[in-house]
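Chemist: Kindly generate the corresponding structure for this input.
(one chain, ligands or ions: 2)
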Amino acid sequence: MIWNETMECMNREDMRKLQGIRLRQTVERVYHNCEPYRKRMQEKGVSPSDIQSIDDIVKLPFTSKKDLRDYYPFGLLSTPMSEIVRLHASSGTTGKPIVVGYTRGDLAIWDEVGARCFTAYGLGKQDVVQVSYGYGLFTGGLGAHGAVETIGGTVIPMSSGNTEKQIMLMRDFGAVGLACTPSYALYLADAMRDSNISRDEFSLKVGAFGAEPWTEAMRKELEAKLGIKAYDIYGLTEIIGPGVGHECECQNGTHLCEDHFYPEIIDPETGEPMPPGEMGELVFSTITKEGMPLLRFRTRDLTSLIYEKCECGRTSVRMNRILGRSDDMLIIRGVNVFPSQVESVICEIPELEPHYFIVVDRINNLDTFEIQVEVKEEFYSDEMTRLLDLRKHIVHRLQSVIGLSPDVKLVEPRSIERSQGKAKRVNDKRKLS
Ligand code: ADP
Ligand code: ZN
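Modeler: Ligands and ions are numbered 1, 2, ... in the order given. As a prediction, the model looks like this:
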């Protein structure tokens, strides 16, 4: 099912025209209402009249997370504070959080794009959806919440944590949909297995998982463990929150709501646009938002875009799975390593649980690279020689995928800390020194 056929299935030429008009309006808005944007555009010698079509977007300056921090909390608003009806902030592990303000119109856009997501997952009026993303300043909970209400479904505003109650209500209220991070879904799946409640007492059919990178291998794992279809939902606070993009029944790329958020892929080193289809850093311009529009915001997320029409009928551009954030990339002994690569190897080995933790350190000027991974109950009690063989096999697979041989530590089932929100899978001790 498609929530907004006009927008989601528009032919590409009309879409580009519409994007051009909306970009021009947004540029006018920020130029006249937001001092930092005006200054930046003047420095670059661009004025709103230079933006005649969407192709002119490359003339505009970039914005970055740093700008949001520099103008903390409200310096990038393009409306008076009296028009702002909601604030959210991203967790930001260091220093000041990133704050965004929404007008009523912005909340309506958020509900609209969220409704497109949950409709694409096959959910509707008749469905109960448990929202187990955290509620609060984090956009996950309230974002998914608004989306479910907009499609007319029944939302259980569960938030994260309190696993026993999660499972009880999921069963008692007949939740068909579950919205949470993929790592928390995995945690819930294990807890459901251990709960003595049989699988057929649950009505769960669909997962809306996102807020952190996850792999195809993790999808298979979650679909098998929970007996559901697991769909991607993508978003970021700066742009609006979850709902910037979503998968459809084809599970073949994440459709972006490009009539609201215009995507580009640039070379992260030079800032130059990449040729269509190539991998690079994802950049978004919001072209309808009022409160805090962002022009050419550098997400740091690495991916590529697919412009062909999807088999589901939507023409909206699709994004391939996010490899990771450029700032999550580890450089170990000079080799670029993404946690998602480690995850895909771990998920393909049947003796392992998809729970892992990476520890990187520097000892005597040499990088150390350790991966702790849980072995399934039935194998952990195995003979020593079989465990040693398993270890060798993992090192060998990792070596061929990432080009490095980590020190693999096989650990007991359930010994790696579980996450109820975004997973923390890396401890890079080098950053501390
Ligand atoms: P924070 O920056 O504090 O983590 P956000 O919730 O705004 O707060 O995080 C947005 C980021 O989360 C995205 O830029 C991306 O890196 C990641 N993310 C969100 N959804 C997905 C997804 N479906 N797949 C991969 N990464 C995702
Ligand atoms: Zn599709």
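
Chemist: Looks like residue 418 contacts residue 189 (just checking).
Modeler: No - the pair formed by residue 418 and residue 189 falls short of the contact definition of Cβ atoms under 8 Å, at 11.1 Å. For the C-beta atoms, the positions are set from N, CA and C on the backbone; glycine is no exception.

Chemist: ok, residues contacting stretch 393-406?
Modeler: 332-333, 335, 337, 341-342, 344-346, 348-349, 352, 358, 369-371, 373, 408 (Cβ atoms under 8 Å, 6 or more residues apart in numbering).

Chemist: Quick one: buried ones out of these?
Modeler: 332, 337, 341-342, 344-346, 349, 352, 358, 369, 371, 373, 408 (16 or more other Cβ atoms under 10 Å).

Chemist: out of residue 418 and residue 189, which sits in the more crowded spot?
Modeler: residue 189 (21 against 15; other Cβ atoms under 10 Å).

Chemist: ok so that one is a strand residue?
Modeler: No - judged by DSSP: H, G, I helix; E, B strand; the rest coil, residue 189 forms no part of a strand; its state is helix.

Chemist: Can you read off the pLDDT for it?
Modeler: Residue 189 is assigned a pLDDT of 95 by the prediction.

Chemist: Need the nearest residue in space to it, chain neighbours excluded.
Modeler: residue 225 (4.0 Å; Cβ to Cβ, 6 or more residues apart in numbering).

Chemist: for residue 135, same thing?
Modeler: Nearest one to residue 135, counting by Cβ to Cβ, 6+ apart, is residue 141 at 3.4 Å.

Chemist: Doesn't that neighbour belong to a helix?
Modeler: Yes - under three-state DSSP, residue 141 sits within a helix.

Chemist: what residues are up against it?
Modeler: 131, 133-135, 157, 159.

Chemist: Take those residues and write them to CSV, including pLDDT and distance to ligand 1.
Modeler: Conversion of the contacts of residue 141 to CSV gives the following (pLDDT from 0 to 100; distance: Cβ to the nearest ligand atom, whole Å):
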residue, pLDDT, distance to ligand 1
131, 98, 15
133, 96, 9
134, 94, 10
135, 96, 13
157, 98, 18
159, 96, 15
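
Chemist: Compute the number of surrounding residues for the residue of the stretch 251-400 of the chain found nearest ligand 1.
Modeler: Nearest to ligand 1, among the residues of the stretch 251-400 of the chain, is residue 322, at 3.9 Å (Cβ to the nearest ligand atom). Neighbour count for residue 322, taken as other Cβ under 10 Å: 22.

Chemist: Make residue 1 into 55 and carry on from there
Modeler: All set: I'll call the first residue 55, so the last point we hit is now residue 376.

Chemist: Past whichever helix in the chain runs longest, which element shows up next along the chain?
Modeler: Counting by DSSP state H, the longest helix found in the chain is helix 66-87. Where DSSP states H and E defines the elements, the next helix or strand beyond helix 66-87 is helix 89-98.

Chemist: can you map out the helices along the chain?
Modeler: 59-62, 66-87, 89-98, 119-124, 158-174, 193-204, 217-226, 236-247, 270-280, 393-402, 431-434, 438-456.

Chemist: what sits against the residue nearest to residue 243?
Modeler: 240, 243-244, 247.

Chemist: quick one: which of the contacts of residue 195 is most hemmed in?
Modeler: residue 187 leads the contacts of residue 195 on contacts (other Cβ under 10 Å) with 31 neighbours.

Chemist: Check what pLDDT the residue of the stretch 305-454 of the chain closest to ligand 1 gets.
Modeler: pLDDT at residue 376 comes out at 94.

Chemist: Point out the residues in the stretch 205-354 of the chain that sit beside ligand 1.
Modeler: Residues of the stretch 205-354 of the chain lying close to ligand 1 by Cβ under 6 Å from any ligand atom are 264-267, 286-291, 353.
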